[in-house]
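K.L.:
Structure for this input, please:
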Amino acid sequence: MKQTETIAAIATALSDSGIGIIRISGSEAIPVGDRVYRSKNGCHSLKDYGSHTIHYGFIVDGDEVLDEVMVSVMKAPKTYTREDTVEINCHGGILIMRRILEAVLKNGARLAEPGEFTKRAFLNGRIDLAKAEAVMDLIRSRNDYARKASFSQLEGSVSGCIRTLRQEILTELAFIESALDDPEHISTEGYPEQLSGKVDQLIEACGKLIASAENGRLLKEGISTVIVGKPNAGKSSLLNLLAGRERAIVTDIAGTTRDVLEESVSLHGISLNVIDTAGIRSTSDVVEKMGVERAEQYAKKADLLLYMADSSIPLDESDAHILQLIQGKKCIALLNKSDLAPVLTEEELREKLPEGVPVVRISAKENQGLDEFEKVLTDLFFSGKISFNEEVVITSMRHKEALESARDSLLEVKKSLEAGMPEDFFSIDLMSAYSSLGEIIGEEVGEDLVNEIFSKFCMGK
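P.N.:
Predicted coordinates for the structure are as follows:
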């Protein structure tokens, strides 16, 4: 019953702006809009207008005129929800948007739930579940690479790939079922070898998509980046430089930073969730000691460590402790204060670092070396290239888990083939893989999961 009700919500941000949009969708969208709309001369109603047209008029609440508006009329099925849709483009004040929405609700619509417009687009077959999730990812994208990945998914990059894999599995299932039903006319001689090759291809395809999920997560959520170094190495200056503002207090007094400072920054389109930590050293100060312990905890969980080494002084015991922290972690060593006469050289630092850790000379004070740092960062995480022209990137943990489940089922098929099991054993695990992949595009999901996914959407979308 709820799915057939006409719904309405404010589709733009609830803040003062030039334009605000109230969206109405459902079988009664046009009659509901008619009850609050008055054309300029009072002679027309929305039902008189053709689809995908926009009209000047007024929104009224009884006898009171609320605002001067432009109203769009879009008739099913060529709409976002595949339902009749009316969009009221009003002035973007918070009060006026709320008053117009109240008038619409008073005249027959109910308030939409978060994500309900997109949910209806999914339930009405306009988009699949992977595309629906891409809508919210696109809205929330924090950098240009994440935007491109989300738009690619909205255009069907993930959905198309998953549908192709499912079709290949379905072809094998159909053959097996046909052979079992009609063994006199359909021979399975040599089929296990043929199926084995196909399963290998499917496992490889699933593995490639799963492998892309880590980069997809970093692009979507940002790279968790922790700056470590001994006191007064320039960590806070680096944070300020990356943030483009005075985010951290910078002094010549060692140990100024006692707690962690967090800032999200975009560096040439790559999002970094940067955490500045207390300088790591042995100390008897209770508060500073707590800061050092917290710095070490954050360093263990980071995607990337930025080790700030001070080129104006030699390495000491504090550096030795930090070098232990970066063992086994993705790390970039930044040799700071390159504007000063060097005491610690790049070669000396490389000798102490784990193998493969790149070194970049910078001056946080003089804003030098950031371009080289950005290049090294891209090389470290994305092999120097980030392109979505042809590559399919998985950015959803839900999709990754479904792909892992499908791959596990395909590996079971492989085991059955190697053990020489009958053909009907293959069908069970092939169908399991088929179902797991179907969860990604929404063809094998329950109502509870659908509701959970759309509950995370913003109101009005």
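K.L.:
in the stretch 351-461 of the chain, which spans are helices?
P.N.:
Taking DSSP state H, counting those that start in this stretch as the test, the helices found in the stretch 351-461 of the chain are 370-382, 397-418, 423-441, 447-455.
K.L.:
Which of those helices comes out lowest on mean pLDDT?
P.N.:
Of all these, helix 370-382 carries the lowest average pLDDT, namely a mean of 81.
K.L.:
Please identify the buried residues of that one?
P.N.:
Buried residues in helix 370-382, counted by 16 or more other CB atoms under 10 Å: 370, 373, 376-378, 380-381. For glycine as for every other residue, the C-beta is placed from the backbone atoms N, C-alpha and C.
K.L.:
same check, this time on stretch 119-126
P.N.:
Quick answer for stretch 119-126 (16+ other CB under 10 Å): 119-124, 126.
K.L.:
which of these lies closest to Ile169?
P.N.:
Taking CB to CB as the measure, Ile169 lies nearest Phe122 of those, at 23.1 Å.
K.L.:
Would you agree the closest one is in contact with Val450?
P.N.:
Yes - judged on CB atoms under 8 Å, Phe122 makes contact with Val450 at a distance of 7.5 Å.
K.L.:
where do the contact lists of these two overlap?
P.N.:
Shared contacts of Phe122 and Val450 (CB atoms under 8 Å, 6 or more residues apart in numbering): 129, 442.
K.L.:
This structure: strands as residue ranges?
P.N.:
Along the chain, the segments classed as strands by DSSP state E run 7-10, 17-25, 37-39, 53-61, 64-74, 85-92, 110-111, 223-229, 261-267, 270-276, 304-310, 331-336, 359-361.
K.L.:
Of those strands, which shows the lowest average pLDDT?
P.N.:
strand 261-267 has the lowest average pLDDT among those, namely a mean of 79.
K.L.:
Sheet-wise, list the partners of that strand with their directions.
P.N.:
Strand pairing for strand 261-267, using DSSP bridges, gives strand 270-276 (antiparallel).
K.L.:
so what's Asp339 closest to, chain neighbours aside?
P.N.:
Nearest non-adjacent residue to Asp339, counting by CB to CB, 6 or more residues apart in numbering: Ser363, 4.3 Å away.
K.L.:
got it, and Tyr298?
P.N.:
Leaving aside its sequence neighbours, Tyr298 sits nearest to Val226 (CB to CB, 6+ apart; 4.9 Å).
K.L.:
Is that neighbour bridged to anything, and to what?
P.N.:
Ile275, Leu305.
K.L.:
That one - how many residues pack around it?
P.N.:
Using other CB atoms under 10 Å, Val226 is surrounded by 28 other residues.
K.L.:
Ok, Ser436 next?
P.N.:
Ser436 has 22 neighbours, counted by other CB under 10 Å.
K.L.:
same thing with Leu315?
P.N.:
As a burial measure, Leu315 scores 18 neighbours (other CB under 10 Å).
K.L.:
And it, its phi and psi?
P.N.:
phi -70, psi 150 (degrees, to the nearest 10).
K.L.:
Show the pLDDT at it.
P.N.:
For Leu315, the pLDDT comes out at 85.
K.L.:
give me every residue that touches it.
P.N.:
Residues near Leu315 by CB under 8 Å, 6+ apart: 309, 344, 348-349, 352.
K.L.:
so how far is Asn336 from it?
P.N.:
13 Å (CB to CB, to the nearest Å).
K.L.:
list residues touching both of the two?
P.N.:
Common neighbours of Leu315 and Asn336 (CB under 8 Å, 6+ apart) are Ala309.
K.L.:
Let me know how buried Gln194 is, in neighbour terms.
P.N.:
Using other CB under 10 Å, Gln194 is surrounded by 12 other residues.
K.L.:
how many other residues sit next to the closest residue in space to Ala402 that isn't next to it in sequence?
P.N.:
Nearest residue to Ala402 in three dimensions, chain neighbours excluded: Glu439, at 4.5 Å (CB to CB, 6+ apart). Around Glu439 there are 22 other residues, counting by other CB under 10 Å.
K.L.:
wait, doesn't Glu439 sit right on Ile453?
P.N.:
No - between Glu439 and Ile453 there is no contact, the gap being 11.0 Å when judged by CB under 8 Å.
K.L.:
rewinding a little: indicate which one of the helices of the stretch 351-461 of the chain is closest to Cys331.
P.N.:
Closest approach to Cys331 among the helices of the stretch 351-461 of the chain (CB to CB): helix 370-382, 8.8 Å.
K.L.:
what's the neighbour count on Lys300?
P.N.:
Neighbour count for Lys300, taken as other CB under 10 Å: 10.
K.L.:
nearest spatial neighbour of it, skipping sequence neighbours?
P.N.:
Nearest one to Lys300, counting by CB to CB, 6+ apart, is Leu325 at 7.7 Å.
K.L.:
and that neighbour, what is it in contact with?
P.N.:
228, 280, 296, 299-300, 305.
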